[in-house]
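Enquirer: The following block contains a protein sequence and its predicted model.
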Amino acid sequence: MKKKSIRKNAFSYIFLGIVILGVIYFVNVLNKKVNKLSYTEFKEAMINEKLETVTITPSSNAGIYELTGKLDGYKKNETYYVKAPLTDATIKEIYSLSEKYEFEITTDKDPGSGFFVLFLVNVLPILLIVGLGLFFISRQMGAANKSMDFGKSRARLDDSRRKVTFKDVAGLTEEKEEVAELIDFLKDPKKFQKMGARIPKGVLLVGPPGTGKTLLARAVAGEANVPFYFISGSDFVELFVGVGASRVRDMFKQAKHNAPCLIFIDEIDAVGRQRGTGVGGGHDEREQTLNQLLTEMDGFGENEGIIVIAATNRPDVLDPALLRPGRFDRQVTVNLPDVKGREEILKVHARGKIFAKSVKLENIAKRTVGFSGADLENLLNEAALLAVRRNKNYITMAEVDEAHDRVLMGPAKVTKKYTEKEKKVVAYHEAGHAVVGIKLEGANEVQKITIIPRGQAGGYNLMLPREETFLSTKNELLETISGLLGGRVAEELVFNEITTGAHNDFEKATKIARSMVTEYGMSDLGPVQFEHQESSVFLGRDYNKSRNFSSQVAFEIDQEQRRIINECYEKTKKIIKENRDLLDLIANALLEHETITKEQIEYLVENGCMPDDDDEIDKSDFKELSLSDLTLEDLKDLAREKGLKGYSKMNKEELLKALDEKE
């Protein structure tokens, strides 16, 4: 392949050089202006002393002399051309006049006998014709080769210099243990064959997007130091029937030549969807590709040393034949990381980044419940970008907080302005969530509140469970619903009016209440499951639910769902009425500071006021910078953390003066 490409490149360069020379020659010819004169006009120009130069070139073919040169007043690329009789008298006449009128005269040989002219006239056209012919032939041959490669495998060999190992995979302790024996098999397959053990021929990695399935597969190949072929399920499927099956055959043929090795198929549900169900439409090409994949996987010899790892977040739609023993006979679920796993992942992605002393990865891990590995990487990257944008020397908690909000809700709508009434309504709405979260142990705990608009939301309240658990009690679910209703209740009690701001809260609360009735058996209808999820649990979608009840039971389900919501609403109303002072305190703090954190809320509850500057600011965040070195955004961040009033409307000079006075 390399020799062919070298020849092809050499030919291309030669052909390109010839074309460039030809173009340059013809451009020069076209740009040259030649004035044809008669011999009489030429003699008049000599007598009138307008002649500057003359070149005499004999032309034996036509029996004439060709006279060229320049006249006085000609431009740089302008010449004259004269035909004179080919006689000695002509030459004597020109030479005698040159002595009299003093113009420069030179003689030249016949250009018809010159090599360069012969080359241009006779050889160059032939070369151009041959070159164009070869060019079109090579193009046709290339197209033919491409058609021959149509059925070739699209699997690519990972030849990156940086080898991924288990050190680069954080937070997947159990998953790494599950695939560890694959590494031993790839390194020393005879050890397993001696004991009569059959290593899994295929491993299916199942989990939500961004949890590290591809990274884990690369780490297995890196630890075993074997070739790593990777391909997407969609690369097999083509318009023409039979192409996908041909690519599968070619992929395994390449793998056998490089065994032991590892093949990774990402998004295998694109080709491995269950056959004959009608889901996704009939597709002969996809089914033939799947049939070939099944045949190749089950046709391995015992000592081939090829392991296939596939990844999907839709295991429910895969064909059963693909999951039987002998094919993908082992499933490894790659879940979202817990708090310990998130801290380990953050440590991996924090390499090469400069953080202030106040930034604790442990605290960030606690605040990022539900984040995948990809989300955590994006969080730290966004924080680094913000630090660069603000001209800081390192990443502070201000950048981490802003990046966290950006990942969840999008950038702040700085130009979007509330009316004073709207701002007050949003402040009390978010404060209502906070009060219920503080007073109910089972409700989600408020981590941060802001009334700065983000995305489609007018305000933002980060509420997380106090502990990460696998199970939820009935009381915890009811109190979670109460926490979600806190915003609407606060609006109603304070303003005697309700707004559209609680629609997302109602959506979440209604979903929990319905699940309690139809799935968890936590209602007066008894421990019966009326609905169950048939779509992928990893996608979080609730379409295609199976409903096993009559219309009468459906009415009773609606009544139970409404009863749960109404009881939680009344409970929430009672809590907020009893803690009206706390509601006002948090709402006023929000109106003044716009954003308050969990620590500030706790200080408010205990002391009735916002904490002092020394309790809030870690001076190490700004140890390398003076206030005048900070940008306007930087100064606003510092002013907000110091509790400075009216900072958002100040310019840089006003902020510097106010911060100095605050100090």
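Expert: All right, it came through fine.
Enquirer: tell me the contacts of Ile557?
Expert: Ile557 makes contact with Arg514, Val517, Thr518, Leu525, Phe530, Phe549, according to Cβ atoms under 8 Å, 6 or more residues apart in numbering. Any C-beta I mention is one placed from the backbone N, CA and C, and that applies to glycine too.
Enquirer: In JSON lines: those, plus distance to Glu479, neighbour count and secondary structure.
Expert: As requested, the contacts of Ile557 are arranged in JSON lines below (distance: Cβ to Cβ, whole Å; neighbours: other Cβ atoms under 10 Å; DSSP: H, G, I helix; E, B strand; the rest coil):
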{"residue": "Arg514", "distance to Glu479": "17", "neighbour count": "21", "secondary structure": "helix"}
{"residue": "Val517", "distance to Glu479": "17", "neighbour count": "23", "secondary structure": "helix"}
{"residue": "Thr518", "distance to Glu479": "20", "neighbour count": "24", "secondary structure": "helix"}
{"residue": "Leu525", "distance to Glu479": "21", "neighbour count": "16", "secondary structure": "coil"}
{"residue": "Phe530", "distance to Glu479": "24", "neighbour count": "19", "secondary structure": "coil"}
{"residue": "Phe549", "distance to Glu479": "28", "neighbour count": "15", "secondary structure": "coil"}
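Enquirer: and of those, the nearest to Glu66?
Expert: When the contacts of Ile557 are ranked by distance to Glu66 (Cβ to Cβ), Arg514 comes first, at 101.2 Å.
Enquirer: ok, and the closest non-adjacent residue to the closest one?
Expert: Excluding the flanking residues, the one nearest Arg514 by Cβ to Cβ, 6 or more residues apart in numbering is Gln561, at 5.3 Å.
Enquirer: The one you found: neighbour count?
Expert: By other Cβ atoms under 10 Å, the residues close to Gln561 number 19.
Enquirer: where does the stretch 401-550 of the chain dip in pLDDT?
Expert: Regions of the stretch 401-550 of the chain meeting the criterion pLDDT under 70 cover residues 412-418, 455-458, 466, 532-548.
Enquirer: hmm, what's the outermost residue in the chain?
Expert: Ala89 (85.1 Å; Cα atoms, centre = their mean).
Enquirer: Spell out which helix or strand contains Ile596, please.
Expert: strand 595-597 (DSSP states H and E).
Enquirer: wouldn't Glu441 be in contact with Glu479 here?
Expert: Yes: contact between Glu441 and Glu479 holds when scored by Cβ atoms under 8 Å: they sit 7.3 Å apart.
Enquirer: Would you mark the buried spots in the one helix or strand Thr295 maps to?
Expert: Here Thr295, judged by DSSP H and E, is contained in helix 284-298. By neighbour count with 16 or more other Cβ atoms under 10 Å, helix 284-298 contains the buried residues Glu285, Arg286, Glu287, Gln288, Thr289, Leu290, Asn291, Gln292, Leu293, Leu294, Glu296, Met297.
Enquirer: same thing with stretch 448-463?
Expert: The neighbour-count check on stretch 448-463 (16+ other Cβ under 10 Å) flags 448-454, 457-463 as buried.
Enquirer: picking up where we left off before, which helices and strands sit right next to the helix holding Thr295?
Expert: Packed against helix 284-298 by the contact rule (3 or more Cβ pairs under 8 Å, 6 or more residues apart in numbering; DSSP states H and E) you find helix 243-257, helix 320-323.
Enquirer: Need the phi and psi values for Thr499.
Expert: Per-residue torsions, Thr499: phi -120, psi -180 (degrees, to the nearest 10).
Enquirer: Now do the contacts for it.
Expert: Val425, His429, Glu491.
Enquirer: Using PDB, write down the CA coordinates of the strand or helix carrying the last one.
Expert: In this structure, Glu491 sits in helix 474-495 according to DSSP H and E. Coordinates of each C-alpha in helix 474-495 appear next as PDB, following Å, rounded to 0.1, in the frame of the first residue of the first chain:
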ATOM      1  CA  LYS A 474     -42.600   5.900  51.900                       C
ATOM      2  CA  ASN A 475     -42.000   8.800  54.300                       C
ATOM      3  CA  GLU A 476     -39.000  10.000  52.300                       C
ATOM      4  CA  LEU A 477     -41.000  10.000  49.100                       C
ATOM      5  CA  LEU A 478     -43.800  12.000  50.700                       C
ATOM      6  CA  GLU A 479     -41.500  14.500  52.200                       C
ATOM      7  CA  THR A 480     -39.700  14.900  48.900                       C
ATOM      8  CA  ILE A 481     -43.100  15.700  47.300                       C
ATOM      9  CA  SER A 482     -43.600  18.300  50.200                       C
ATOM     10  CA  GLY A 483     -40.300  19.900  49.400                       C
ATOM     11  CA  LEU A 484     -41.200  20.200  45.700                       C
ATOM     12  CA  LEU A 485     -44.500  21.900  46.600                       C
ATOM     13  CA  GLY A 486     -42.800  24.400  48.900                       C
ATOM     14  CA  GLY A 487     -42.400  27.000  46.200                       C
ATOM     15  CA  ARG A 488     -46.100  27.100  45.200                       C
ATOM     16  CA  VAL A 489     -47.200  27.200  48.900                       C
ATOM     17  CA  ALA A 490     -44.900  30.100  49.600                       C
ATOM     18  CA  GLU A 491     -46.300  32.100  46.700                       C
ATOM     19  CA  GLU A 492     -49.900  31.500  47.800                       C
ATOM     20  CA  LEU A 493     -49.300  32.400  51.500                       C
ATOM     21  CA  VAL A 494     -47.200  35.500  50.800                       C
ATOM     22  CA  PHE A 495     -48.900  37.000  47.700                       C
END
